[in-house]
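Student: fold the following.
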Amino acid sequence: MDAGTRAVLRLARSVLGELNVDLVLGRVLEASRDLTRAKYAALGVLDETRSQLARFLTVGTDEPTRLEIGHLPTGRGVLGELIINPAPLRLADISRHPCFYGLPVGHPPMRSFLGVPLLVDGEPYGNLYLTDKQDAAEFTAEDEEAVVLLAEFAGVAIDHARRYTGSEQRRTELKRTVNALQATIEIARALGGETDLDVILKLVAKRGRTLVGARALVIELERAGELLIAAAAGAVPPDLVGRRLGVTDTVASTALRTGQPQRLADNLNAARFEQHGLGQFGLKVSDGLVVPLVFRGRAYGALVAIDRLDTGTFTAEHQRLLEAFAASAATAVATAQAAADERRRQTLAAAEAERGRWARELHDETLQRLAALRLMLADARRRAESDPVADTIDRAVEQLESDIANLRAIVATLRPAAIDELGADGAIRALAEQFADRGLAVDTSVELDERDRNRRNPPELETAIYRIVQEALTNATRHGCAGRAVVEIVERNRTIHLTVRDEGRGFDPAANTDGFGLQGMRERAELLGGTLTVDSAPGQGTTVTASFPLRGQRDDVPRPVAQASSGAGDRAVS
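Tutor: Numbers count the residues shown, from 1 in each chain. You can find the predicted model right below:
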């Protein structure tokens with residue numbers, strides 16, 4: 001075995017020891033140059049059509065020279081000859097070949113040339129190009145034989161490296177798929193055995209954070225035109241969960257609107273996160289992902305993954321993983337939220353049924369007996385002879401009449417007959433009259449779509465409107481000590497808008513105001529796909545605003561034409 005062959009074998013062993021395609025190509029390029037003592041060496045990799053070069057690797061030229069040359073060759077001229085005819089090509093002077101058409105500006109002069117095709121699994125993969133042998137005028141036949149042998153070893157090494165890389169990629173993809181599947185299975189198990197929304201959200205936050213190795217993961221849900229921070233896992237402020245954000249100008253709103261993930265490394269998104277998003281609560285981020293939770297075309301909220309624990313940067317693979325996880329999480333959140341809504345709906349329905357039962361009980365039993373007792377006392381008064389007894393009976397009759405009036409008011413409050421007979425508008429005007437008796441002047445304006453005046457809204461919508469007005473007026477008298485209020489109901493573009501304003505002393509909506517029944521009002525609105533907001537401040541009165549979209553057809557029940565205002569007056573409070 002001659003020295004040249006031994007050198008080829010040593011180089012071949014070093015090439016075959018690599019398992020990365022790019023490293024193999026680099027080793028082959030350096031080895032061919034060392035083996036032939038060429039001044040310049042290049043390796044061109046063919047594209048998928050095998051008609052031109054997709055990559056062009058070089059050694060021997062410095063960076064300034066490469067920049068001056070400009071665009072890398074794609075396989076024209078002499079280089080293209082090896083693409084058309086993949087066979088070794090050895091030239092003493094490259095400029096004398098018929099296909100030579102010159103060198104680009106800035107390219108160093110070249111004379112001797114040796115080109116050898118590179119085959120992988122019997123198919124053309126690329127070509128080795130060597131120029132300017134340094135210790136002779138041209139490359140020898142021995143040089144050609146050595147480079148051909150090296151190219152054969154290189155073909156085996158490239159095939160081996162590609163197969164290994166492919167198996168590694170498949171292993172990585174399989175691992176990623178298994179992780180996503182495991183997370184999905186856990187969510188599915190939780191979905192099958194748990195319908196408590198808070199439990200589901202905590203599980204989603206914990207599993208999502210683990211899946212992508214995030215420092216923190218936060219779940220934001222869209223609620224009544226706001227973003228509610230519903231759950232979090234990892235390094236977050238202790239009081240973060242339960243806070244609310246405005247939807248406008250947040251990164252989550254962009255994700256919800258477009259249905260596409262957003263990167264927090266983007267300068268605009270980073271500014272939005274800092275000014276309008278979680279950043280205003282002290283949460284810092286260098287990189288993050290915001291992925292929408294979408295189920296059956298509806299966006300429920302977003303997953304916000306913050307900072308990778310190891311590198312700090314989320315890759316495209318992490319984004320795909322979180323997107324796949326978000327699809328399963330959205331299903332769980334939607335199902336749990338639907339179950340929670342149904343429970344609230346059943347609770348409200350049961351409460352309304354109980355109100356109706358008590359109203360009937362008080363009306364049919366208690367009021368009738370009290371009325372009978374009043375008649376008995378009136379008869380006894382006529383028969384009484386002594387003044388003390390007569391005075392006592394008179395006081396008892398007065399007390400009974402007062403109690404009967406109070407009970408009738410309670411019955412009307414529990415389940416006003418006007419809702420069943422005339423709908424929410426008639427019931428609300430009757431309600432205004434009741435509050436007027438208590439010292440609260442209520443101006444009521446009802447403007448419904450003229451085309452639908454003869455048809456009823458769904459009972460649950462009428463009940464929700466009535467209860468919200470009732471609660472708002474009760475708060476105005478009980479807590480706000482108001483003397484005047486305005487109730488406006490307007491229907492526009494298939495949406496009913498409700499506003500209740502009072503001139504009371506107001507309150508801070510952000511404070512603990514459980515006694516005001518705000519949560520109950522919001523739940524009634526949300527269950528019907530609507531929204532409710534409360535605008536108030538100490539000393540500035542209170543405005544409750546709600547909107548309800550009209551879905552489907554109304555009930556075919558005749559209704560009276562609504563008047564512009566109730567008997568409480570025609571003036572409005574500004």
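
Student: hang on, Leu322 packs against Ala305?
Tutor: Yes. Assessed by CB atoms under 8 Å, Leu322 is found in contact with Ala305 at 6.0 Å. (Glycine included, C-beta is placed from N, CA and C.)

Student: kindly report the domain assignment for this structure.
Tutor: For the chain, the structural domains run 3-166, 182-340, 418-574, going by automatic domain parsing.

Student: identify whichever of these lies nearest to Leu377.
Tutor: Nearest to Leu377, of all the domains of the chain, is domain 418-574, at 24.9 Å by CB to CB.

Student: show the average pLDDT along that closest one.
Tutor: Confidence over domain 418-574 (mean pLDDT, whole number) is 74.

Student: what strand or helix carries Val116?
Tutor: Following DSSP states H and E, the helix or strand that holds Val116 is strand 113-120.

Student: restricting to C-alpha, output that strand in CSV.
Tutor: Extracted C-alpha coordinates of strand 113-120, given in CSV (Å, rounded to 0.1, in the frame of the first residue of the first chain):
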residue,chain,number,x,y,z
PHE,A,113,-8.5,22.2,-12.5
LEU,A,114,-9.7,18.8,-11.2
GLY,A,115,-13.4,18.1,-10.8
VAL,A,116,-14.8,14.9,-9.4
PRO,A,117,-18.6,14.0,-9.0
LEU,A,118,-19.9,13.1,-5.5
LEU,A,119,-22.5,10.3,-5.6
VAL,A,120,-24.7,9.3,-2.6
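
Student: outside of that strand, which residues touch it?
Tutor: 28, 32, 36, 38, 43, 78-79, 81-82, 86-91, 94, 97, 124-131, 133, 139, 143-144, 147-148, 151-152, 154-155, 158-159, 162 (CB atoms under 8 Å, 6 or more residues apart in numbering).

Student: which of the residues you listed count as buried?
Tutor: 28, 32, 36, 38, 43, 78-79, 81-82, 86, 88-91, 94, 125-131, 133, 139, 143-144, 147-148, 151, 154-155, 158-159, 162 (16 or more other CB atoms under 10 Å).

Student: filter those residues down to the ones in helices?
Tutor: 28, 32, 36, 78-79, 81-82, 143-144, 147-148, 151, 154-155, 158-159, 162 (DSSP state H).

Student: could you pull out the strands for the stretch 251-400 of the chain?
Tutor: With DSSP state E, counting those that start in this stretch as the criterion, the stretch 251-400 of the chain has strands at 262-263, 288-295, 298-308.

Student: distance to Val333, mean pLDDT and mean neighbour count added to those, as TSV?
Tutor: Formatted as TSV, the strands of the stretch 251-400 of the chain follow (distance: least, CB to CB, whole Å; pLDDT from 0 to 100; neighbours: other CB atoms under 10 Å):
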stretch	distance to Val333	mean pLDDT	mean neighbour count
strand 262-263	19	90	20
strand 288-295	6	89	25
strand 298-308	5	87	24
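
Student: for Ser51, find the nearest of these.
Tutor: strand 262-263 (37.3 Å).

Student: the closest one pairs with which strands?
Tutor: Strand 262-263 has the following strand partners under DSSP bridges: strand 288-295 (antiparallel).

Student: of all the strands of the stretch 251-400 of the chain, which one is nearest Arg207?
Tutor: strand 298-308 (10.6 Å).

Student: list the contacts of stretch 91-106.
Tutor: 65, 68-70, 76-78, 80-81, 109-114, 131, 137-138.

Student: Asp121: how many residues sit nearby?
Tutor: 11 (other CB atoms under 10 Å).

Student: and it, what does it touch?
Tutor: By CB under 8 Å, 6+ apart, the neighbours of Asp121 are Gly155, Asp159.

Student: 7 Å instead?
Tutor: Contacts for Asp121 (CB atoms under 7 Å, 6 or more residues apart in numbering) come out as Asp159.

Student: and it, how far from Val28?
Tutor: Asp121 sits 16 Å away from Val28, going by CB to CB, to the nearest Å.
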